[in-house]
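Engineer: Sequence below, structure please.
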Amino acid sequence: MTHPPVPLGTFPTPLEPAPRLAAALGLGPEDLWVKRDDLTGLGGGGNKIRKLEWTVGAALAQGADTLVTTGAAQSNHARLTAAAAARLGLAVVLVLRGSPRASRSGNLALDGLFGARLAWAGEVDQAGLDAAAAEVCDRLRADGRRPALIPFGGSGTLGARGYVRCGEELRAQLPQSRTAVVALGSGGTMAGLVAALGTDRVLGVDVGALPDPAAAVVAFAAPLTSREVTAERLRIRRDQVGAGYAALTEPVTEALRLAARTEGIVLDPTYTGRALAGLAAAVRDGDVLPGEKTVFVHTGGLPGLFGHAAAVTAAEEGAGVY
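Structural biologist: Model (predicted):
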């Protein structure tokens, strides 16, 4: 049974033209639009709000009083799960990969501001992180709490329903769009867009969060659409991962500067920076063409910029001296 979503965000999000960025990428001035899902409202905004409306809605329907979720130390999803819990009067425990460090900037600072409790799982793989979260839930139940485990990244068929709605917004806002470009992390955002728009109209840029992101997109999207969704049909670029999920690459650094200096839009080094670098590469190799309407889905993540030391250094070094 699918429970109704709980309202958490401000929708529909704006769709804005980006003519200067378009020209810098080699597109026509009317070819590029930005879907501002960084402006979803709650907790600093971002794409995870759309998913949390569904996953937290299910948790409330099951009588949960505590939300538990997992992620990397600078997880946007963990930050927004904490914000959702604060709005709804729930407790929250974030099970994070890694160990506590001296710096608590970026998303970690907001986690604390929202009142989250942190459980550090150490340097574990996804299976280890899942096991740590299950142990936290067991301990909470032993203490008389009613925990609900929100999946990694908020992703799954249920959470992907939030991005079906986003795809429907895009169809209404720009019916003639050819390609929606989006960062591909845990898979739910791309899955919902694929379910709403079709495999040929969504280009996902892999950020290195999963070893097989295509399989996740297929698993999450297929139950939401009558269209055939297979890994072979998906449009996925895997050329922006670089040395790994947490590593900053030169194309991403350039993408951060380009968006900021052409449109005053701030991207993050892990997700949206990679997505724009992937779009730039797609234009260069002809996968995205001038004369076609392209939408860049800005999924948020600004706090993560301030928690990424290499990105902060690169940004600061970009300032000139007068």
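
Engineer: for the stretch 1-150 of the chain, which spans come out with low pLDDT?
Structural biologist: For the stretch 1-150 of the chain, the stretches with pLDDT under 70 are 1, 102.

Engineer: Pull up the distance across stretch 97-116, start to finish.
Structural biologist: Terminal residues of stretch 97-116 are spaced 15 Å apart (CA to CA, to the nearest Å).

Engineer: what comes up buried for that stretch?
Structural biologist: Residues of stretch 97-116 classed as buried by neighbour count (16 or more other CB atoms under 10 Å): 97, 105, 106, 107, 108, 110, 111, 114, 116. Any C-beta I mention is one placed from the backbone N, CA and C, and that applies to glycine too.

Engineer: mind giving me TSV with these and columns for secondary structure and distance to residue 304?
Structural biologist: Shown next, in TSV, are the buried residues of stretch 97-116 (DSSP: H, G, I helix; E, B strand; the rest coil; distance: CB to CB, whole Å):
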residue	secondary structure	distance to residue 304
97	coil	14
105	coil	10
106	coil	6
107	helix	6
108	helix	10
110	helix	10
111	helix	12
114	coil	15
116	coil	16
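
Engineer: Could you identify the most distant pair in the residues you listed?
Structural biologist: Spanning the widest gap among the buried residues of stretch 97-116 are 97 and 114, at 19.3 Å by CB to CB.

Engineer: Do a quick rundown of the helices in the stretch 1-150 of the chain.
Structural biologist: Taking DSSP state H, counting those that start in this stretch as the test, the helices found in the stretch 1-150 of the chain are 19-25, 48-61, 76-88, 107-113, 126-142.

Engineer: Make CSV from those helices and add distance to residue 307 to it.
Structural biologist: Converted to CSV, the helices of the stretch 1-150 of the chain look like this (distance: least, CB to CB, whole Å):
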stretch, distance to residue 307
helix 19-25, 25
helix 48-61, 16
helix 76-88, 10
helix 107-113, 6
helix 126-142, 18
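
Engineer: So which of the ones you listed is nearest residue 148?
Structural biologist: Taking the helices of the stretch 1-150 of the chain one by one with CB to CB, helix 48-61 is closest: 3.4 Å.

Engineer: Could you count how many residues lie near the nearest residue to residue 298 once chain neighbours are set aside?
Structural biologist: What sits nearest to residue 298 in space, not counting adjacent residues and going by CB to CB, 6 or more residues apart in numbering, is residue 38, at 4.8 Å. Number of residues near residue 38 (other CB atoms under 10 Å) recorded here: 22.

Engineer: for stretch 115-130, how far is the first residue from the last?
Structural biologist: Stretch 115-130 has its terminal residues 22 Å apart, counting by CA to CA.

Engineer: Report the buried residues of it.
Structural biologist: 116, 118, 119, 121, 129, 130.

Engineer: Let me know which of the helices of the stretch 1-150 of the chain is the nearest to residue 226.
Structural biologist: Proximity to residue 226 (CB to CB) singles out helix 48-61 among the helices of the stretch 1-150 of the chain, at 20.2 Å.

Engineer: can you list contacts of that closest one?
Structural biologist: 2-9, 11, 37, 40-43, 67, 76-77, 80-81, 84, 88, 148, 150-151, 153-156, 158-163, 165-166, 188-189, 192, 300 (CB atoms under 8 Å, 6 or more residues apart in numbering).

Engineer: quick revisit: and the helices of the stretch 1-150 of the chain: which comes nearest residue 258?
Structural biologist: helix 19-25 (5.7 Å).

Engineer: one step back: could you say which one of the helices of the stretch 1-150 of the chain comes nearest to residue 308?
Structural biologist: Residue 308 lies closest, by CB to CB, to one member of these: helix 107-113, at 10.1 Å.

Engineer: for that closest one, packing partners?
Structural biologist: Other helices and strands packing on helix 107-113, by 3 or more CB pairs under 8 Å, 6 or more residues apart in numbering; DSSP states H and E, are helix 76-88, helix 302-306.

Engineer: For it, list the C-alpha coordinates in PDB.
Structural biologist: Output of helix 107-113 as PDB, limited to C-alpha atoms (Å, rounded to 0.1, in the frame of the first residue of the first chain):
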ATOM      1  CA  ASN A 107      26.000  19.700   6.000                       C
ATOM      2  CA  LEU A 108      27.400  18.500   9.300                       C
ATOM      3  CA  ALA A 109      26.900  21.900  10.800                       C
ATOM      4  CA  LEU A 110      23.300  21.900   9.700                       C
ATOM      5  CA  ASP A 111      22.700  18.400  11.000                       C
ATOM      6  CA  GLY A 112      23.700  19.700  14.400                       C
ATOM      7  CA  LEU A 113      21.500  22.800  14.000                       C
END
